[in-house]
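A.B. asks: I'd like to go over a predicted model; first the sequence, then the structure.
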Amino acid sequence: MSEPVGGLFEYAPAPEPRSLVSIRPSYGLFVGGEFVDPVEGGSLKTINPASEEVLAEVATAGPADVDRAVRAARRAYEEVWGPMPGRERAKYLFRVARMIQERARELAVLESLDNGKPIRESRDVDVPLAAAHFFYHAGWADKLSYAGLGPDPRPLGVAGQVIPWNFPLLMAAWKLAPALAAGNTCVLKPAETTPLSALLLAEILRDAELPPGVVNVVTGAGDTGASLVAHPGVDKVAFTGSTEVGREIRRTLAGSGKRLTLELGGKAANVVFDDAPLSQAVEGIVNGIFFNQGHVCCAGSRLLVQESVADAVVDRLKRRMETLRIGDPLDKNTDVGAINSSGQLDKIRELSAAGEAEGAERWAPACRLPERGFWFPPTVFTNVSPSQRIAREEIFGPVLSVITFRTAEEAVAKANNTTYGLSAGVWTEKGSRILWMVHHLRAGVVWANTFNRFDPASPFGGYKESGFGREGGRHGLEAYLDA
Ligand code: NAP
Ligand code: MG
């Protein structure tokens, strides 16, 4: 639906058929291996953010439902999953990974419908990576004594896991796979606006004959998450979401003896030096901030570009942005999909307006946005100073702030001048400079001459207000084991 600019080709529509997935009109909670009606909760409607059409009605779990799910998880932990040898647990994880692959197209369409992300991303990133997390952790299940955590690391018990809406299936996989490999059982709370892929995953777990209660899915809003993390039967809490809610959870858990990992927000610097291959860097900048509409905790939302190439980079970037296609998430040609919710759209609009009011220069390519649904054009701000809100606050949308620097020392000082510390990018031909930058940047992940690359073998997590604990790799197992 983007307007052809500068003689670009018009692309014929290439939608992935919606009929690949059948969505039930209503869903219960997944507790003890079956879908059940809530005993005291109500329901919520989940919509397609690209059209505002209601997709399904989903049960909301009240405290009694959460209690039921935690008890089911406890029983499964004590009777089945905890005592089961790792080599047997591994078989279930392999089976789940294979079934995710088998149902990949269906999962991708469902994820794009419920979340608004382009099908190209759900198909090529979210779903394959979700399968990869189960494959990777299946491999660990019988080798935990070689993870460097002592000769006989033990599971913690019941894990309460709360996830956000930006990568619904992938975040579920990040949470469930290591917990299960380590021998824990789980109660998962998906985000209010994107519950459907976790419910389809629950069906997959049931079809994989995972013993009842090993994984339970309690849908609902923030209060469901709050009762889950506060439940005394939960031994370990894993949370991904905003810094604000992370803080609240930390207060709730203080003194409880529960283990906690927090994966929170970010305001990553993507640092481009003048010797960088500029076309490649521009692709990396675009991928860094416009991937998943910028709803990415590790998004490269601050472009730090060396002064001598700043004009050239911004010119090329704008030209590249003019070619981005915005519109129907199910269309295979779409680069930028819908904003996940009207609330998130308001937040992006508010921060962008603040950027203009504070004197930064706003630019977006000419594009026609669909009338229904929640949309925001890919946007770049130049003339940004580090004190402005758009340079400090996480926008969590397709909005880039450009800041210039002269020396590597200045780049590091500006990159680290943030309350967050999740990720960063460095673009330069010089290997020694990459190493120097990696050493000085205070970020959990630093990408060199690439951005937004994920691998289940690689630990991911932040410093400062981006949280603590790591997910993925050997380090991620540590969060689910008592060593
Ligand atoms: P959020 O409001 O913190 O929500 C995250 C999850 O927590 C949702 O399931 C939410 O339910 C639930 N929740 C809300 N209040 C709660 C409470 N008091 N106790 C327990 N759970 C509660 O964050 P969001 O707006 O959905 O997601 C965006 C944020 O997540 C951004 O700041 C982003 O950077 C961060 N994020 C970080 C990572 C990472 O790996 N570091 C990854 C993705 C996102 P509802 O859905 O009903 O609100
Ligand atoms: Mg939705």
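C.D. replies: Here it is on my side, so go on. Ligands and ions are numbered 1, 2, ... in the order given.
A.B. asks: Please parse the protein into its domains.
C.D. replies: 18-263+463-482, 269-448 (automatic domain parsing).
A.B. asks: who in the stretch 301-450 of the chain is up against ligand 1?
C.D. replies: Residues of the stretch 301-450 of the chain lying close to ligand 1 (C-beta under 6 Å from any ligand atom) are 394, 396, 422. C-betas here are computed from N, CA, C, even on glycine.
A.B. asks: May I see the domains of the chain organised as JSON lines, with mean neighbour count added?
C.D. replies: Shown next, in JSON lines, are the domains of the chain (neighbours: other C-beta atoms under 10 Å):
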{"stretch": "domain 18-263+463-482", "mean neighbour count": "21"}
{"stretch": "domain 269-448", "mean neighbour count": "20"}
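A.B. asks: so which of those comes closest to Tyr11?
C.D. replies: domain 269-448 (4.5 Å; C-beta to C-beta).
A.B. asks: what about the domains of the chain, which gets the closest to Glu10?
C.D. replies: Nearest of those (C-beta to C-beta): domain 269-448, 10.2 Å.
A.B. asks: and that closest one, how far apart are its ends?
C.D. replies: Length of domain 269-448, first residue to last, C-alpha to C-alpha, to the nearest Å: 12 Å.
A.B. asks: can you start the count at 853 instead of 1 from here on
C.D. replies: Yes, from this point I'll number from 853; that puts the last item at domain 1121-1300.
A.B. asks: Quote the end-to-end distance of stretch 965-983.
C.D. replies: For stretch 965-983, the first-to-last residue distance is 20 Å (C-alpha to C-alpha).
A.B. asks: One more: stretch 1086-1105?
C.D. replies: This stretch, stretch 1086-1105, spans 11 Å end to end (C-alpha to C-alpha).
A.B. asks: what's the answer for stretch 873-881, then?
C.D. replies: Using C-alpha to C-alpha, the end-to-end distance of stretch 873-881 comes out at 20 Å.
A.B. asks: contacts for that stretch?
C.D. replies: Identification of contacts with stretch 873-881 by C-beta atoms under 8 Å, 6 or more residues apart in numbering yields 887-890, 893, 895, 907-911, 913, 917, 921, 958, 961-962, 965, 1047-1048, 1051-1052, 1068-1071.
A.B. asks: again with stretch 1156-1176
C.D. replies: 854, 857-858, 860, 1121-1126, 1128, 1130-1131, 1133-1135, 1137-1138, 1142, 1155, 1187-1188, 1215-1219, 1230, 1232, 1234, 1254-1258, 1263, 1266-1267.
A.B. asks: Mind doing that once more with 6 Å?
C.D. replies: By C-beta atoms under 6 Å, 6 or more residues apart in numbering, the residues outside stretch 1156-1176 that reach it are 857, 1121, 1123-1126, 1134, 1137-1138, 1187-1188, 1217, 1230, 1255-1258, 1263, 1266-1267.
A.B. asks: Keep only those of those residues that are in helices.
C.D. replies: If you go by DSSP state H, the contacts of stretch 1156-1176 have 1134, 1137-1138, 1263, 1266-1267 in helices.
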